[in-house]
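Q: sequence? don't have it. structure:
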């Protein structure tokens, strides 16, 4: 699990677990997804319209005194805003092209294909990871969680 319940008021959460819950909550492929952290135990609960009904989520998961609902990328202003921050800072000459990409459904896939063609996909992933960590940690702090440092394993290749 993700928590050390020795101090009930300040549960310790591993950054990797928090990041995974955030990624799950941010999954926007035509499904609704959410993740919650129990404020008493630190256990993460997951729910998604794309998962089978066997996932157990407590009936009182909507009680914000008992569970913290992990924010998604829109709540942290990390969706399309993050894309355009990256483009403005690293690929300003591609701003119009990326704007056109995001006018239709399936934009993230086409955006990543475009970055791949420019050999900038890994730079995007690095930027996305670094820009996500600070607001996610700030959210956790506001929710009274102590976030342990991220363990940085060797990065797998993303496709």
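A: Right, received. Where do you want to start? Keep in mind that this is a model prediction, so the values were computed, not measured.
Q: Look up how far residue 132 lies from residue 81.
A: 12 Å (Cβ to Cβ, to the nearest Å). For every residue, glycine as well, the C-beta is placed using N, CA and C.
Q: ok, the residue lying closest to residue 150 once chain neighbours are set aside - contacts?
A: Leaving aside its sequence neighbours, residue 150 sits nearest to residue 15 (Cβ to Cβ, 6 or more residues apart in numbering; 4.1 Å). Residues near residue 15 by Cβ atoms under 8 Å, 6 or more residues apart in numbering: 133, 137, 147-151.
Q: List phi and psi for residue 15.
A: phi -60, psi -40 (degrees, to the nearest 10).
Q: Kindly give a single ChimeraX line that selects the buried subset of the contacts of residue 15.
A: Command for ChimeraX that selects the buried part of the contacts of residue 15, burial taken from 16 or more other Cβ atoms under 10 Å:
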select :133,137,147
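Q: is it possible to export the contacts of residue 15 to CSV including secondary structure, pLDDT and distance to residue 104?
A: Formatted as CSV, the contacts of residue 15 follow (DSSP: H, G, I helix; E, B strand; the rest coil; pLDDT from 0 to 100; distance: Cβ to Cβ, whole Å):
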residue, secondary structure, pLDDT, distance to residue 104
133, helix, 92, 30
137, helix, 94, 34
147, strand, 90, 37
148, strand, 86, 40
149, coil, 82, 39
150, coil, 70, 34
151, coil, 66, 38
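Q: farthest pair in the contacts of residue 15?
A: 137 and 151 (14.6 Å; Cβ to Cβ).
Q: What strands flank the least confident helix or strand in the chain by mean pLDDT, and is each parallel or antiparallel?
A: Across the helices and strands of the chain, mean confidence by mean pLDDT, DSSP states H and E is lowest for strand 44-48: a mean of 87. Next to strand 44-48 in the sheet, as set by DSSP bridges, lie strand 33-38 (antiparallel).
Q: who touches the partner strand?
A: 2-3, 11, 13, 18, 21-22, 24-27, 43-50, 57-58, 61, 66-70, 72, 143, 145.
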